[in-house]
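Enquirer: Sharing a sequence plus its predicted fold:
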Amino acid sequence: MSLAIIAQVQEAIISLPLLDREQRMALFLRLLSEIEFLGKTVLASLEPGACVWIDNLVATVSAGLPEIAEMGDSEFQFLLTEFEKVISTLVSLGPIAG
């Protein structure tokens with residue numbers, strides 16, 4: 001799934017001016033879901049408190065999702081790129097079950 005979401009992010013960056021608010025929100029919900037999944041699988045061997053940052057990131061972005069969806073194209077692209085980096089980093093840390 002991680003490679004698929006990275007491909008979706010790259011496609012979204014190319015077609016960013018065509019994405020409406022709902023599509024932007026749906027994309028970020030998929031990104032957040034993937035980050036949660038990777039946090040639970042890739043980082044499962046760490047102490048329970050070591051990955052609080054993932055929960056905080058997901059909660060903060062979820063709360064700000066309406067504002068994120070309304071961002072200008074350049075700001076939205078920046079966030080997409082940063083989230084793509086987070087996912088790529090998590091993927092590179094270890095094997096993913098399932």
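Expert: Arrived safely. Numbering: from 1, shown residues only.

Enquirer: okay, CA-based contacts and neighbour counts for the rest of this
Expert: Will do.

Enquirer: List the buried residues of the lowest-mean-pLDDT helix or strand in the chain.
Expert: When each helix and strand of the chain is scored by mean pLDDT, DSSP states H and E, helix 2-14 comes last, with a mean of 88. Within helix 2-14, the residues scored as buried using 16 or more other CA atoms under 10 Å are 2, 5-6, 8-10, 12-13.

Enquirer: Ala44: which of the residues you listed is nearest?
Expert: Ser2 (16.8 Å; CA to CA).

Enquirer: And that closest one, how far from Glu67?
Expert: Per CA to CA, to the nearest Å, Ser2 is found 25 Å from Glu67.

Enquirer: same thing with Leu16?
Expert: From Leu16 to Glu67 the distance is 16 Å (CA to CA).

Enquirer: Looking at those two, which one has more neighbours?
Expert: Counted by other CA atoms under 10 Å, Leu16 and Glu67 do not tie: Leu16 has more neighbours, with 18 against 11.

Enquirer: which one is that one nearest to, not counting chain neighbours?
Expert: Computed as CA to CA, 6 or more residues apart in numbering, the closest residue to Leu16 that is not its neighbour in sequence is Asp73, at 6.5 Å.

Enquirer: any idea which element the closest residue to Ile6 other than its chain neighbours lies in?
Expert: The shortest distance from Ile6 to any non-neighbouring residue, by CA to CA, 6+ apart, is to Glu84 (6.1 Å). Take DSSP states H and E as the rule and Glu84 turns out to sit in helix 73-93.
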